[in-house]
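J.: When you get a sec, could you give me coordinates for this:
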Amino acid sequence: MPLNNKDFIEIEFTGKVKEGEIFDSNIKQDLEKIHSGHDHPVEPKPFIFCLGEHMFLDELDNFLIGKDAGEYEVELEPERAFGKRNPALVQMIPMRIFREHNTNPIPGALLNFDGRIGKALTVSGGRVMVDFNSPLSGKTVIYRINVKRKVDDINEKIKAVNEFFFKRNLDFTVDDKKLIIKTEKDMKKIVEMFGDKFKQLLGLDVDVIETEEADKERK
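T.: Residues are numbered from 1 along each chain as shown. Below you'll find the model as predicted:
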């Protein structure tokens, strides 16, 4: 049965630049190539997402809508993937900014500036040249995708949305058309901010309950 906008699906995928370097995957042998040399290898996780809701690369969403379960390969030019390189995003930043944050920039290091990730290119004369372009900007990329199944179970959908927004599991129950999420105090307001997105993706109203048990589990 063809996939439709708003369908939840499970896929296995690998993304690589056209020259061959793998940059993202949830397949064990490809993950091992990305993280080779690390002491603690990353274990693959199932990837479930909602089509047409910006949970995956938009061009891949558009490609998959109307397709059936199965294997596909998609090549995307920079304009359809991570964009062209923007020279304006290469900026000179005074060294004093780094000193104020107790940071010693070295060429090649990735740096976080209030949520903006940049790569230090050169360090000289009390200034640091930082590139805020995506490492994949300007590159043609190729995705291999295996659409394993359409996901209909509401619990699987909720877990996928929680993982996408919060990068963690949250305790929840579903009561008719209401999703009840139990969480610790410092997460309550954050989860409430996503109430409209839960409604949009799942058709469920959200009630967030603060619980001591969640706090204890976290400690």
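J.: Now the residue nearest the centre of the chain: which helix or strand?
T.: In the chain, the C-alpha nearest the mean C-alpha coordinate belongs to F164, at 6.7 Å (Cα atoms, centre = their mean). With elements delineated by DSSP states H and E, F164 resides in helix 154-166, which encompasses its position.
J.: now for that helix, which elements pack on it?
T.: Using 3 or more Cβ pairs under 8 Å, 6 or more residues apart in numbering; DSSP states H and E as the contact criterion, the secondary-structure elements in contact with helix 154-166 are strand 8-17, strand 47-50, strand 171-175, helix 185-192, helix 195-202. No exception for glycine: its C-beta is placed from N, CA and C like everyone else's.
J.: Quick one: closest of these to P94.
T.: The closest of the helices and strands packed on helix 154-166 to P94 is strand 8-17. By Cβ to Cβ, the value is 32.9 Å.
J.: pLDDT below threshold where in the protein?
T.: Per-residue confidence for the chain (pLDDT under 70) gives these ranges: 37-39, 213-219.
J.: now the strands: where do they sit in it?
T.: Under the criterion DSSP state E, strands of the chain are mapped to 8-17, 22-25, 47-50, 70-76, 90-94, 110-113, 116-124, 127-131, 141-151, 171-175, 178-183, 205-210.
J.: Now do the fifth one: which elements does it pack against?
T.: The contact analysis (3+ Cβ pairs under 8 Å, 6+ apart) places strand 90-94 against strand 127-131.
J.: Please write out the alpha-carbon positions of the strand it packs on in PDB.
T.: Coordinates of the C-alpha atoms in strand 127-131 are reproduced here as PDB (Å, rounded to 0.1, in the frame of the first residue of the first chain):
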ATOM      1  CA  ARG A 127      41.300  36.200  16.000                       C
ATOM      2  CA  VAL A 128      39.700  32.900  15.100                       C
ATOM      3  CA  MET A 129      38.100  32.100  11.800                       C
ATOM      4  CA  VAL A 130      34.900  30.000  12.400                       C
ATOM      5  CA  ASP A 131      32.800  28.300   9.800                       C
END
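J.: thinking again about what came up before, closest to N102 out of the helices and strands packed on helix 154-166?
T.: Across the helices and strands packed on helix 154-166, N102 has its closest neighbour in helix 185-192 (25.4 Å, Cβ to Cβ).
J.: just checking, what packs against the closest one?
T.: helix 154-166, strand 205-210.
J.: For L57, see how far away the spatially closest residue to E59 that is not a sequence neighbour is.
T.: Leaving out its chain neighbours, the residue that sits closest to E59 by Cβ to Cβ, 6 or more residues apart in numbering is R80, at 4.6 Å. Distance check for R80 against L57: by Cβ to Cβ, to the nearest Å, it reads 9 Å.
J.: and what of K178?
T.: Using Cβ to Cβ, we find K178 at a distance of 32 Å from L57.
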